[in-house]
Structure formats: C-alpha cells, structure tokens
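A.B. asks: Next come a sequence and a model predicted from it.
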Amino acid sequence: MAVATRRSDPQGSEPTLVRFDRGERVLHWVNATLFAVMLGTALCLYVPALSAQVGRREVVKTIHVYTGLALPFPLLLTALAPRWGRAFRSDARRLNRWSGDDRQWLRSFGRDPGVRLGKFNPGQKLNASFTLGAIVVMIGTGFMMRWPQRWPLAWRTGATFVHDWIFLALVVTITGHIMLATRDRDALGSMVSGRISRRWARFHAPRWLEREEHTKG
Amino acid sequence: MAPLTTHHHDGTAEEQDPAAEPAGTPVGRRVVLGVVGLGVVGVVVGKRVQSWVSNVLTPIQAADPTGLTQLVPAAGGFRIYTVTDSLPSQNAATYRLAVTGLVDRPLSLSLADLQAMPATSLVKDFQCVTGWRVPAVHWTGVLLAQVLDRAGVRPGAAALRFWSFDGAYTESLTLEQARRPDVLVAYDMLGAPVTRAHGGPVRLYVSPMYGYKSAKWLAGIEVTAKVEPGYWENEGYDVDAWIGKSNGRSDPAV
C-alpha cells in the first residue's frame, strides 16, 4: 500500500530519518563483500561442475579461509569504536530485544493489523541473530577443517557436516535477504544513503518513528 | 559524518536506549546461542547423522539424471579436484604414457597399447583424505607392476615419480608399493572409459592409499633412485598415504 502512494507523495518535503549511520553502512557493505567472496569461493570448492571449471583448488581454498578469518574484525571493530559504533550498538540492542508485538507479528505471519513494530521486524531480528550465530559456527567448523590435526576424526567429519548444512541455510537466508531488499527500494536505498522517509517508518516501524519524534522533541 | 552530528543519534539517545525502545526479552541472544549450541552438537554427532543421510541418498543419487542430489551435503559421490586453472584435456587417440628413468626400455604407450595388455578389474572404494568416500567403484586397467616389467626396472631403482599432463601435478610411490596387486594404471572407471573430470583417458588408482596418490591425467612414470614427494606432499600431506594409518586419520581400509 505504501508502495503505491510513495512516488506521488504530496508531503515529499517531509524531513527524512536517519535509519543507518555511516558506521553501520560501511559495516554492512564490507560484510556483504566478504560474504560474496566466501560464497563465490565456497561454490568453487563445493559444486563439482564449478570445481572442474575453476580449478586452482589451493588458491581458492586460501582465499576462502582467510576471508573467513577476516569476517569478525569489521563487526568487532565497529562494536568497539566509541563514536563510529554508537548507532550500531543501539541497533544491536534493538535486534536482540523482542516485544509482545514482535511475537504477535510472528504468530500472525505479519498480518495482524494491530501490531506496531519498532525499528526492526522479527524477521530481521531472526535473520540477524541466525547470521551472527552462523558466523561463529562457520569460523569454528572451518577452523577445524583447515587445521584438523588436533581434533578427533569423528569431530572433523561432524565439522564438515555442520559447515555444509549451515552453508545451505545461509544461501537460503542471504537469497531471501537480497530478494526482500530489492522489493523494498526505500529500505535498500537507506542502506546506501542512510536515510528513509517518515512515510516508510509510519508503515513499517511506527514505534521507532514515535521514539524518534519524541527524542527529537 | 555531518548528518550524524546534527541528528538525534548522539549521546543522549544512546543513554536512553537500553531502557526505552529495546525493552523486551533478549530473544536475539538466545537465538545466537541456540545456533552456536546446535553447531557444537552437530560437530559431535554429525558423523552418525551424515552416514544416515548418505545411506538414504546414495540410491536416489544413482538414479538421478539431473545431478541435483549431488549438491545435498553428505550425499556421497565424487568431488572433482584440480590444481590448475581448468580441466586438462587429451585426445584418447593421440594419448601417450611415457615410462622413463632407470629402465632398460623407455616406453611411450598409447591407450591401445595399454588395452592390449592383460586387464585387471577391481571393485573398491575411493577414499579422499578430506573425508568423503565413494563406495564400490569399478576400476579396470593394467597393473602398474606389469607396465614396469615391460620397461624393465634397472638395479638401483627404488621409487617412481608420476606426472600429469595438467603440467603441475606430481605423485610418488616406492617400487614396493607400486608392485602391489591393487595398484592400477586405469583406463576404465565406473564402468566406462575414465572421463576427463576423473582424470581420463588414463589415471592411476592406488587403492590402499588416500585419493591424492591416485594421480589423474597420467602423462608419465619416471623410475627413480629415491622417493621425490609429490604435489600435495610438498603441502604437508603424508608421502606414505595408507588409508586409516596416515594424515592423522582412522578411516577403515578400502
């Protein structure tokens, strides 16, 4: 509904909101790049037809392993940076906390019109939490696969098993993430420019808009 | 940074945040810990689950013309590894296998020469050092021992060096290992001529050792005085790659 009216918005001059600050946007696109490299190299290592075409297994493997080891650093550096990471830290808190509305949204598959969400919807919260957990698991199991000597054989096989299945799960969630982003150009645009319209916030994140207007005074 | 400083995302907003909008249950943290916990459980019990998945999928995969089931983790089947840019290729009609070094009669064998020699067939697993195993693969070729006899190994020889026509891959065996009755110069595999992806037209199959010993795209065999470690052995893999007794692994023998 919001989509249909947005382009002819008569109140287009309404001031926009900052949805993601520069630190968050930089982190998002650095992470996106690292994930793309991980995924590309993973496919070359994993899909027989691609392995056969690309070859150079040890080079591909090295890129995959060191990109994986690099993955936590942008997150950690942003989380620890005093000013640069401030907005990231408060968004991380928002993603962690679930309200009664969030539960109701999930129970009604997002259809309950009475639900009033905050800055992030429960789907985004689940995706963020799953992805963070998956990063930890992928680095742990990847480490066991790359430096296998100290682990019992059964665990090494188990690590490969977990790494394979989380990989498939990540392909699904990342594909979903990208598809949903391309269907909501405003939301996608806000990960580039940082800003989003109040109209969008009124529809998708009413409690956040309320707080923003309240805080602004 | 300019939009930031003029906006409300400053110190005051931050101080209020934990008590304000983000109130509620920390479900996110539980999900993160849950995923990590499942990962740990998966590492510990994954081996058993994997063999179950593999048992279920192997018959389905055998009848699957699309190859899509190959993408399911732990479904079994070969993974195709190469160390060069792409799959090397050589015409079966013009293919030659060189046998050189400490021999009485250096050879250059065509595929037809190899097929004219006594054939040996084996049905044995292919076990990769990275953990995957393809059960009961059908192999046909010439015993490496017979190729060596045809060339005539000279006194003072103790080992073999193999090289691939991919231009990069090498392997090694001791003469004693090479003369085992389960070491083949293979031209058939899986019931058909060895495909390009599997190392055709001719590859090595060293049954009692991990897959990296079974050099694909075999171009030459040099008889040497001592073992010269091959491609992966220079990357830290064991030279004597007995299945279950090397590379820190304990897989059942083939």
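C.D. replies: Noted; the coordinates are in hand. Here the structure is a predicted model, which is why all the values come from computation and not from measurement.
A.B. asks: Okay, domains of chain B per the record?
C.D. replies: B:27-71, B:96-235 (automatic domain parsing).
A.B. asks: looking at the ones you listed, which is buried most?
C.D. replies: Among the domains of chain B, ranked by average contacts under mean count of other C-beta atoms under 10 Å in any protein chain shown, first place goes to domain B:96-235 (a mean of 19). Every residue, glycine included, has its C-beta placed from N, CA and C.
A.B. asks: anything in that one near chain A?
C.D. replies: Yes - Domain B:96-235 lies within reach of chain A by C-beta under 8 Å from any C-beta of the partner chain, at B:130-131, B:197, B:235.
A.B. asks: Taking those together, which two end up most distant?
C.D. replies: B:197 and B:235 (22.0 Å; C-beta to C-beta).
A.B. asks: re the thing from before, and the domains of chain B: which comes nearest residue A:114?
C.D. replies: Closest of the domains of chain B to residue A:114 is domain B:27-71, at 20.4 Å (criterion: C-beta to C-beta).
A.B. asks: wait, what's in contact with residue B:190?
C.D. replies: Listed by C-beta atoms under 8 Å, 6 or more residues apart in numbering or on different chains, the contact set of residue B:190 reads B:137-138, B:198.
A.B. asks: distance of it from residue A:135?
C.D. replies: Distance of residue B:190 to residue A:135, computed by C-beta to C-beta, to the nearest Å: 39 Å.
A.B. asks: What is the subsequent helix or strand relative to the helix or strand bottoming out on mean pLDDT in chain A?
C.D. replies: In chain A, the helix or strand scored least confidently by mean pLDDT, DSSP states H and E is helix A:2-6, which has a mean of 43. Next in sequence after helix A:2-6, counting helices and strands by DSSP states H and E, comes strand A:17-18.
A.B. asks: packing partners for that next one?
C.D. replies: Packing contacts for strand A:17-18, counted by 3 or more C-beta pairs under 8 Å, 6 or more residues apart in numbering or on different chains; DSSP states H and E, involve strand A:195-196.
A.B. asks: Tell me the gap between the strand it packs on and the middle of its chain.
C.D. replies: The chain centre lies 18 Å from the centre of strand A:195-196; the measure is C-alpha atoms, centre = their mean, to the nearest Å.
A.B. asks: quick one on the thing from earlier: for the contacts of residue B:190, give me JSON lines that also has secondary structure and pLDDT.
C.D. replies: Listed next are the contacts of residue B:190 as JSON lines, based on DSSP: H, G, I helix; E, B strand; the rest coil; pLDDT from 0 to 100:
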{"residue": "B:137", "secondary structure": "strand", "pLDDT": "93"}
{"residue": "B:138", "secondary structure": "strand", "pLDDT": "95"}
{"residue": "B:198", "secondary structure": "coil", "pLDDT": "92"}
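A.B. asks: Which member of these is positioned nearest chain A?
C.D. replies: Nearest to chain A among the contacts of residue B:190, counting by C-beta to the nearest C-beta, is residue B:198 at 9.9 Å.
A.B. asks: so who does the closest one touch?
C.D. replies: B:78, B:80, B:189-190, B:216.
A.B. asks: Please identify which helix or strand holds the most centrally placed residue in chain A.
C.D. replies: In chain A, the centroid-proximal residue (C-alpha atoms, centre = their mean) is residue A:128; its distance is 5.2 Å. In this structure, residue A:128 sits in helix A:122-146 according to DSSP H and E.
A.B. asks: And the next helix or strand past that helix?
C.D. replies: Next along the chain after helix A:122-146, taking DSSP H and E as the criterion, comes helix A:153-183.
A.B. asks: Next one: the following helix or strand past that next one, is it in contact with chain B?
C.D. replies: Where DSSP H and E defines the elements, the next helix or strand beyond helix A:153-183 is helix A:185-193. No - for helix A:185-193, no contact with chain B is found by C-beta under 8 Å from any C-beta; the gap never falls below 9.4 Å.
A.B. asks: Counting by contacts, list what helix A:185-193 packs against.
C.D. replies: Secondary structure elements in contact with helix A:185-193, counted by 3+ C-beta pairs under 8 Å, 6+ apart, are helix A:22-46, helix A:153-183, strand A:195-196, helix A:198-204.
A.B. asks: next one: that helix to chain centre, how far?
C.D. replies: The answer for helix A:185-193 is 14 Å, by C-alpha atoms, centre = their mean.
A.B. asks: now that helix against helix A:153-183, angle please.
C.D. replies: Interaxial angle of helix A:185-193 relative to helix A:153-183 (axes from the mean of the first three to the mean of the last three C-alpha atoms, to 10 degrees): 110 degrees.
A.B. asks: which SS state does residue B:220 fall under?
C.D. replies: Secondary structure, DSSP: H, G, I helix; E, B strand; the rest coil: residue B:220 is strand.
A.B. asks: residue contacts, it?
C.D. replies: B:97-100, B:162-163.
A.B. asks: Name the nearest of those residues relative to chain A.
C.D. replies: For these, the residue nearest chain A by C-beta to the nearest C-beta is residue B:163; the value is 16.9 Å.
A.B. asks: that older thread, in CSV: the residues of domain B:96-235 next to chain A, plus secondary structure.
C.D. replies: Output for these, formatted as CSV (three-state DSSP):
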residue, secondary structure
B:130, coil
B:131, coil
B:197, coil
B:235, helix
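A.B. asks: Next, format these as a markdown table and append pLDDT and distance to residue A:190.
C.D. replies: Listed next are the residues of domain B:96-235 next to chain A as a markdown table, based on pLDDT from 0 to 100; distance: C-beta to C-beta, whole Å:
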| residue | pLDDT | distance to residue A:190 |
| --- | --- | --- |
| B:130 | 80 | 43 |
| B:131 | 78 | 44 |
| B:197 | 86 | 46 |
| B:235 | 81 | 46 |
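A.B. asks: Mind checking if the helix ranked longest in chain B is in reach of chain A?
C.D. replies: Assignment by DSSP state H gives helix B:27-62 as the longest helix of chain B. Yes - Helix B:27-62 is in contact with chain A by C-beta under 8 Å from any C-beta, via B:27-29, B:31-36, B:38-39, B:42-47, B:49-50.
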